[in-house]
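K.L.:
Return a 3D structure for these sequence lines:
(3 chains)
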Amino acid sequence: MSKTINLTLKVWRQEGPEKKGRLETYPAKEISTDMSFLEMIDVINDRLTLDGKEPIAFDHDCREGICGMCGAVVNGHAHGPEKGTTLCQLHMRHFSDGDTIVVEPWRARAFKVIKDLVVDRSAFDEIIRAGGYISANTGGAPDGNAIPIPKEVADTAMDAAACIGCGACVAACPNASAMLFVGAKVSHLGLLPQGRPEAARRVQSMVDRMDELGFGNCTNEAECEAACPKEISITNIARLNREFLKAKLFSPHS
Amino acid sequence: MNWVVNALKAAIGKKLMMAVTGLAFCGFLTVHLIGNLTLYGGRDLFNSYAEHLHSLGPLVTVFELVLLALAIVHVLVGLTLFYENWRARPVRYCMNKWAGGRTIGSATMPYTGLILLAFVILHLMNFHFVDKTGRTIFEIVAGAFAQPWYVAVYVVAVIAGAIHVSHGFWSAFQTVGASHPKYMPLIRGVGILFSLIVGIGFGAIPIYVYVAVT
Amino acid sequence: MELNANIPSGPLAEKWDRYRFERKLVSPANKRKYDIIVVGTGLAGASASATLAELGYAVKTFCIQDSPRRAHSIAAQGGINAAKNYANDGDSIWRLFYDTIKGGDFRAREANVYRLAQVSNEIIDQAVAQGIPFARDYGGLLANRSFGGAQVSRTFYARGQTGQQLLLGAYSALMRQAAAGKVTIVPRREMLDLVLVNGRARGIVVRNLITGEVENHSAHAVVLCTGGYGNVYFLSTNAMASNVTACYRAYKRGAVFANPCYTQIHPTCIPVHGDYQSKLTLMSESLRNDGRVWVPKKPGDKRPPREIPEEERDYYLENKYPSFGNLVPRDVASRNAKEQCDMGKGVGETGRAVYLDFEDAIRRDGKDVIAQKYGNLFQMYEKITGENPYETPMMIYPAVHYTMGGLWVDYNLMSTIPGLFVLGEANFSDHGANRLGASALMQGLADGYFVLPYTIGGYLAAESFPDVPVDHPAFKEAARDVQARVERFLAVGGKRTVDDFHRELGHIMWEHCGMARTNEGLNKAKGMIQALRGEFWENVKVPGSERDFNQSLERAGRVADFLEFGELMITDALARQESCGCHLNEAYQTEENEAKRDDENFCHVACWEYAGDDKEPVFHKEPLVFENVELTQRSYK
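P.N.:
Model prediction:
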């Protein structure tokens, strides 16, 4: 059953990438526990607007946990404290009356703050651009059943492919590393026979790009796995390491 | 050989160096611990172990140089990673909590590492670069551990080492890509066991010597 | 205006092949001289951009999100149809064609739908080659499942994330072309106008959503892949940024809008739970395989569901449709839920919900079997509602989730503006008055991978194009208009937020132009929308400034267009004095309360041409000719 609670929000406000940000405090009164976290911000924003203040900028789109657009660090947790949940799927019933909630943007050198809680995640696109694809022009594909793929392999590839590119892994990583994101894509494509021809080139190129973009290094803290709303496993990082090592040792192009 | 440099320069390459050198240290710790266990056999056994070791002659020097090289790589690359990781998040979180992946070991790696570095220097000054004329190694050890604060320093350092290894062991396997759903739990278990053995094995020695001598 | 669909002559099955041979080609060396703008990066936009770039065109692709990977195609759950007949159950291109035409209640163009069925198989092959991890059997071959409206198993799927996987495949193909320098990706831009030079689409005006700058981009052709307009209802399963603006701006520049009133309402969504709610979440239709739909017999019965004894429950679908029971098609299930709630028998806090009960299924098959089939859906439901569907029945209610209407296009997917092509949900072409499950993904990818790349070449090869720089007077004028409009929003300084207006518009549309429509209600709604629009321009409050990241301002533009477009939908609904598919006018029903078509008078595509602000749009019709199928009445008793 729904009830209402009163909260205090401390939200990171920052006017632009080069501006200095600060936490601002807003009362969040009479918040229904059935609201999602983003709906709660909608309500606060409506109130701010009517008070003549500027609403909080935040990214969001599908609001059903699949587009990867939303995300903020809530009370020190990427996407909030619930496991396997994006911010849009986090509901206010997980908070108690009188709570203070601190909301901050993803923080990483590679993810610049655009405004308030909105960050620039184009670095992820850059990494995919470096090789996160299988080169298959439209038109020439063989029949879908031409290459049988064991169910376990397809399932493991799907586990990795479930990544929504939200950036929570980077946000949660103590080192702001993007290894889970890269590992998931390298695994997804590398596990499938279609992805093998380019595997060595792909992993080297993606890792190089990742390094250039200023992400930190993986120290196997596994915080990414714990924060990932799609619960993508760090075995994908091990696979990335393996693919990298294999490519460097045996590929003629390295 | 350009490819080697490129490989090692990459984030994963640096991690690989940490993993390989770290695993080598795990091997060294094992041998070292087995050797040290002779202490429990008393003065003569321990002294004869030391003598045997030194009778290997130049091999010892080679071994020491290899260890030194490994240590330099491990420390320098570790410091580089530490710096790069610190730089990767220029603005820190106002509020930061663990999501559930971190352990005491993983969260403290650079710090336990630095403690270990300081300790190793101290340790070498105590027992390696020390005037050994007219004293057996057992006497040196016994002398050192007769002082309670010395024992305390050693125990603290060994605990730091055990914590360091508790993350480092499995982490090395993860980094070289040796991860399999069937075996990873075993590797993790062995890592914990190994850190316990290292902690208790090395930690008990100064206490034992202190108790036995005084 | 004459609406020529440009359907190739000849037998249905040969039309596409013949067309491809007869259509003029652009030589490989010349392709790079053509700039093509693609707006939107969903399945249609991403696949079109990638394929055009592979062919050698210079492509510029725009998206509203921060990355092309986030377009709302990503949320499609169920699957994608193809006539592969891997299940050996009698499927064929012809059957997929027929099911789609019939499912659309005979309001789609035969030739387009047949082509869609033809290329469906190539889509699966292409997707597999790209590394889409489709579900597979233990033997390693592709798995299929069944979906509504078909008696064969032809749906390919990747867990409940088929749309996501297909989109990521198209996105990766797009990024590959970006890496090759063939595509320029321009994210966080919103198209706010179409630019015509000498009657041809030659560019767009966009607003940079980060800096607020208005930018001009010129090209030889413009391809709109901007999705549907379900958000006119405020609450829908669409993403928050989904909007009609790009299409509506094209409409205002002369592109004809077809069948705007065709809106699909999905029966199994999580109900509305409060005024603050921002969007609705779909629960897969497959739940109706095992769940039983019921409401209390007594209106206003507020007892908890488990305390209502069996004899006081009304399993209305099972009672009314004994042979199909809970598995009646989407439109029928939706309308019946509304009817029960209108009678006061709705459940939950708002009274706008019905139960979907798994108690019997769990008793029959055991909890484990049910968990295996629907575990992830149950989990999602619990996450949102905080209730455990294993113990208490789910509450569901219909919600808007797809719009069949869109900009009118011919067989080439070109609108009435030469050089403006429209793909995917944004066009009207293939689904008639009702879309079958798992067909949206098929259409988006068919248009992008396999249709447009051929048809656009014919257009470019047949014409000569003078240079149009971005400071051409037509661009300057359009950019000035856009700028003036942006400033106008900020200048109103009223007392109601943009969302407040949007919510009220949605309420009007849902009540009067939703699942069941009456002439009286539609007429009333028309007046209400006009009044609301009037108030909007006097009383809206848009905070912040224009040269900034300003989400309120973005929404203001979209809602302003919805406030005009909603009226167009109502005009269309009023003009269609019949019921068909998802358009149910209560005056036209069979005795079984099904949509009763009037093929004599309404077997056409209703097309609307903009005539000026506050003027009734001009009506045109494209008659639908059925040479290959017989028009029948659906029945699910």
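K.L.:
CA atoms for contacts and neighbours, from now on please.
P.N.:
OK.
K.L.:
can you pull the contacts of the closest residue to C:Ser218 other than its chain neighbours?
P.N.:
Distances taken as Cα to Cα, 6 or more residues apart in numbering or on different chains put C:Gly203 closest to C:Ser218, at 4.1 Å, once the chain neighbours are dropped. When contacts are counted by Cα atoms under 8 Å, 6 or more residues apart in numbering or on different chains, C:Gly203 is found next to C:37, C:194-196, C:216-222, C:475.
K.L.:
try it again with 6 Å
P.N.:
Under the criterion of Cα atoms under 6 Å, 6 or more residues apart in numbering or on different chains, the contact list for C:Gly203 reads C:195, C:217-219.
K.L.:
a helix runs through it, doesn't it?
P.N.:
No - read with DSSP: H, G, I helix; E, B strand; the rest coil, C:Gly203 is strand and lies in no helix.
K.L.:
Give the bridge partners for it, please.
P.N.:
According to DSSP bridges, the partner residues bridging C:Gly203 are C:Val195, C:Ser218.
K.L.:
mind checking pLDDT for it?
P.N.:
We have a pLDDT of 98 for C:Gly203.
K.L.:
Likewise for C:Ile7?
P.N.:
On the pLDDT scale, C:Ile7 is placed at 96.
K.L.:
Which helix or strand contains it?
P.N.:
Per DSSP states H and E, C:Ile7 falls between elements, in no helix or strand.
K.L.:
C:Ala399 against C:Ile265, yeah?
P.N.:
Yes - using Cα atoms under 6 Å, C:Ala399 is in contact with C:Ile265, at 5.2 Å.
K.L.:
interface residues of the stretch 1-150 of chain A facing chain C?
P.N.:
The interface of the stretch 1-150 of chain A toward chain C, taken as Cα under 6 Å from any Cα of the partner chain, is made up of A:61-62, A:67, A:129, A:133-134, A:141, A:143-145, A:148-150.
K.L.:
For those, give me TSV that also has secondary structure and pLDDT.
P.N.:
TSV is the format used below for the residues of the stretch 1-150 of chain A next to chain C (DSSP: H, G, I helix; E, B strand; the rest coil; pLDDT from 0 to 100):
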residue	secondary structure	pLDDT
A:Asp61	coil	97
A:Cys62	coil	96
A:Cys67	coil	97
A:Arg129	helix	98
A:Tyr133	coil	98
A:Ile134	coil	98
A:Ala141	coil	96
A:Asp143	coil	97
A:Gly144	coil	97
A:Asn145	coil	97
A:Pro148	coil	97
A:Ile149	coil	98
A:Pro150	coil	97
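K.L.:
about what we covered before: in TSV, list the contacts of C:Gly203 along with neighbour count and pLDDT.
P.N.:
Listed next are the contacts of C:Gly203 as TSV, based on neighbours: other Cα atoms under 10 Å in any protein chain shown; pLDDT from 0 to 100:
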residue	neighbour count	pLDDT
C:Val195	27	98
C:His217	18	98
C:Ser218	24	98
C:Ala219	24	98
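K.L.:
now, which of those residues sits nearest B:Val141?
P.N.:
For the contacts of C:Gly203, the closest approach to B:Val141 (Cα to Cα) belongs to C:His217, at 79.8 Å.
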